[in-house]
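Peer 1: Prediction below, plus the sequence it came from.
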Amino acid sequence: MTKDRIEMKRRDFLLGSAAGVVTAASAVSQAGCSKPFVPEEPHRYIDPAACIGCGDCVSLCPMGAIHLVEETSSIDPDECAECGVCSRSRICPADAIHPGKLAWPRTIREAFSNPLVVHEATGVRGRGSEGIKTNDVTDRYPRGSLGVFIELGRPALGTRFVDVERVVKKFTAHGHTLVSDNPVAGLINDPARGTLMPEVLKEKAISVLVEFILPESAVSALHTLLDELAAEVETVFSVGIALRAEPDGASRIEDLFGGEVFRLPNGKVNLGLAQDIAAKGA
Amino acid sequence: MSHTSQRRGLDPATPGEEIIVLAMIPKQHREDEGIRDAMKALAQKMIAHKPHQWLSHNFIALDIPQLGSKQTLLRWLHRVRPEATRDMLFKAVAEKSSVLTAIYTREEDACGLLRDLKGFWLEENRRKGTPISIVLSGLFGDIDKCCRQTGIRPHTYLHSLGVRGRVDRLPNEGKLELVTMCGHGLIAGQRVQLLAERVEKGEITAEQAAEDVARPCVCGIVNQERAARIFKRLAVSPSRSFPGARAAAPPYGTSAG
């Protein structure tokens, strides 16, 4: 749970106090109080009574889930990924955007979309593991292996977990298991088939990163898997490949994937400055 | 955080636009004795080598729930004594966070930092057994040049093989160049569109648009200098269909399937 939800604003506090004294709140309401008790929505929402219809929040939503209709903004709960951009921006002059009270399985939207929320499984904010960033300490990707990152919904579109399941099932069927410290691993209900808990499949996130570690010999099979998945998913996915450098510091990406395979001219390089330090200090 | 590796629009024909330096304490070493001192020393070196942008640059504008009531104090302090706030924040981040990032838009600054790190800082880390991993993100050509200049040999690579699937649903390349600057996907395509239109009408400057578009990014790794250049490019184009895609690379990668 994020602290923005824990730290109640004054009005929320008053409403919460009212909730604690149900009979009193009810009596106040019945007595014609202008502000009857309203329970929190189970998702992020805009209070229609407070919204002044400026529409400033509409363009901020990465998922395009905020709409201005008849001078009142509202959040489409099905499209909202609970990233919190609208709330954190403080763009609303009427303070009408509320985080709501999320419950399972909707909580996974926030866990995967709000980078200020730490995944319990990984201890890392965001959606992935430490990946190559600490490979000079962890040796997660030793020579002869490939780290394969598939980030569903990235860029711009977002993803439903049903597409995440498509990817995990496909790789599992070919003998490649999702790495155990990936946040998605906790959602798998049948490791042998790679299926996810059925209640999460319709949930949506800005993006979901899944990771597999394959032997280099699986490159041609990987090409096939990626082509098949590209035809099956309802969103986009970005593909990243982690590779241990050769002893001279060179990358084998072209040797492995061929010169004709598209790749961006930019990427990331771990410089190896932490290599061997942990062992020496231990 | 494979995020910066998927940025669009960096072009080998225009090298040196950005090198992002990311430092991370491996999870199993976050409580090691001396590791926070090493992070603080690193933070000071990162600042000393004049980053175009680092965490706090954006931190002040953000509403970070974890900061609670300190947010208001920081904003006030930043208005009164910006440099003091900057130093204070970076030290605070170094003490608490396992990650530090900074964007360098001059190659000599990034290479200078690496050269500096290879000296006393690395020796101290070796002596004390405090491992902090350093990662560069940017054009491989730029990174390679820095490594050669400083005698550092790359350890691990992360390459992007582009985007697959329903690429027909994606915004065009010009918009993607800005949207992908936030690896957490927090920049909205429609915000980019709105800001580009306002720049085109002369209502705001490209620099103001760049500042606005960087606001949702909690990591502070949106390169505002490059973002402003992109907004300028989009504003002078004859239509709003964002034809800013660079011809040198295919738009997305391989087939849509």
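Peer 2: Good, I have the coordinates.

Peer 1: what about chain B, any weak spots by pLDDT?
Peer 2: B:1-2, B:55-68, B:237-257 (pLDDT under 70).

Peer 1: Regarding it, what is its longest strand?
Peer 2: The residue-count maximum for a strand in chain B (DSSP state E) belongs to strand B:156-165.

Peer 1: So which elements touch the following helix or strand past that strand?
Peer 2: Scanning forward in sequence from strand B:156-165 by DSSP states H and E, the next helix or strand is helix B:173-179. Under the contact definition 3 or more CB pairs under 8 Å, 6 or more residues apart in numbering or on different chains; DSSP states H and E, helix B:173-179 sits against helix B:189-201, helix B:224-236. All C-beta spots, glycine's among them, are computed from the backbone N, C-alpha and C.

Peer 1: Figure out which of the ones you listed is closest to chain A.
Peer 2: For chain A, the closest of those is helix B:189-201, at 4.5 Å, according to CB to the nearest CB.

Peer 1: got the buried residues for the closest one?
Peer 2: B:189-196, B:198-200 (16 or more other CB atoms under 10 Å in any protein chain shown).

Peer 1: between these, which is closest to B:Ala209?
Peer 2: Lowest distance from B:Ala209 to the buried residues of helix B:189-201 (CB to CB) belongs to B:Leu195, with 4.0 Å.

Peer 1: quick one, phi/psi of the nearest residue in space to that closest one that is not next to it in sequence?
Peer 2: Nearest non-adjacent residue to B:Leu195, counting by CB to CB, 6 or more residues apart in numbering or on different chains: B:Ala209, 4.0 Å away. For B:Ala209, the backbone dihedrals (degrees, to the nearest 10) come out as phi -60, psi -40.

Peer 1: Kindly state the domain boundaries assigned to chain A.
Peer 2: A:3-109, A:118-281 (automatic domain parsing).

Peer 1: Worst mean pLDDT among those?
Peer 2: Mean pLDDT per stretch puts domain A:3-109 lowest among those, at a mean of 75.

Peer 1: any idea whether B:Met71 is helix, strand or coil?
Peer 2: Just so we're on the same page, residue B:71 is Gln rather than Met. Secondary structure assignment for B:Gln71 (DSSP: H, G, I helix; E, B strand; the rest coil): helix.

Peer 1: Roughly how far does it sit from B:Leu77?
Peer 2: Applying CB to CB, to the nearest Å, the value for B:Gln71 to B:Leu77 is 11 Å.

Peer 1: for B:Ala23, same thing?
Peer 2: Using CB to CB, B:Ala23 is found at 25 Å from B:Leu77.

Peer 1: try A:Asp227
Peer 2: According to CB to CB, A:Asp227 stands 54 Å off from B:Leu77.

Peer 1: Excluding sequence neighbours, find me the nearest residue to A:Glu246.
Peer 2: Nearest residue to A:Glu246, sequence neighbours excluded (CB to CB, 6+ apart): A:Arg252, at 6.2 Å.

Peer 1: For the one you found, give me phi and psi.
Peer 2: Per-residue torsions, A:Arg252: phi -100, psi 20 (degrees, to the nearest 10).

Peer 1: that older thread, now distance to B:Arg164 too, for the helices and strands packed on helix B:173-179, in CSV please.
Peer 2: Formatted as CSV, the helices and strands packed on helix B:173-179 follow (distance: least, CB to CB, whole Å):
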stretch, distance to B:Arg164
helix B:189-201, 19
helix B:224-236, 24
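
Peer 1: B:Leu10 is nearest to which of the ones you listed?
Peer 2: Ranking these by proximity to B:Leu10 (CB to CB) places helix B:224-236 first, at 8.5 Å.

Peer 1: Return that closest one as PDB; C-alpha atoms alone will do.
Peer 2: Below are the C-alpha coordinates for helix B:224-236, written out as PDB (Å, rounded to 0.1, in the frame of the first residue of the first chain):
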ATOM      1  CA  GLN B 224      15.000  17.800 -21.100                       C
ATOM      2  CA  GLU B 225      17.600  19.200 -23.400                       C
ATOM      3  CA  ARG B 226      16.900  16.600 -26.000                       C
ATOM      4  CA  ALA B 227      13.100  16.800 -25.300                       C
ATOM      5  CA  ALA B 228      13.200  20.500 -26.100                       C
ATOM      6  CA  ARG B 229      15.000  19.800 -29.400                       C
ATOM      7  CA  ILE B 230      12.300  17.200 -30.300                       C
ATOM      8  CA  PHE B 231       9.500  19.600 -29.500                       C
ATOM      9  CA  LYS B 232      11.200  22.200 -31.700                       C
ATOM     10  CA  ARG B 233      11.400  19.700 -34.500                       C
ATOM     11  CA  LEU B 234       7.800  18.700 -34.100                       C
ATOM     12  CA  ALA B 235       6.600  22.300 -34.000                       C
ATOM     13  CA  VAL B 236       8.200  23.300 -37.300                       C
END
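
Peer 1: tell me what that helix is packed against?
Peer 2: Packing partners of helix B:224-236 (3+ CB pairs under 8 Å, 6+ apart): helix B:173-179, helix B:189-201, helix B:206-214.

Peer 1: Can you tell me what sits against that helix?
Peer 2: B:9, B:17-18, B:52-53, B:105, B:174, B:177-178, B:181, B:195-196, B:199-200, B:205-207, B:209-211, B:213-214, B:242, B:244 (CB atoms under 8 Å, 6 or more residues apart in numbering or on different chains).
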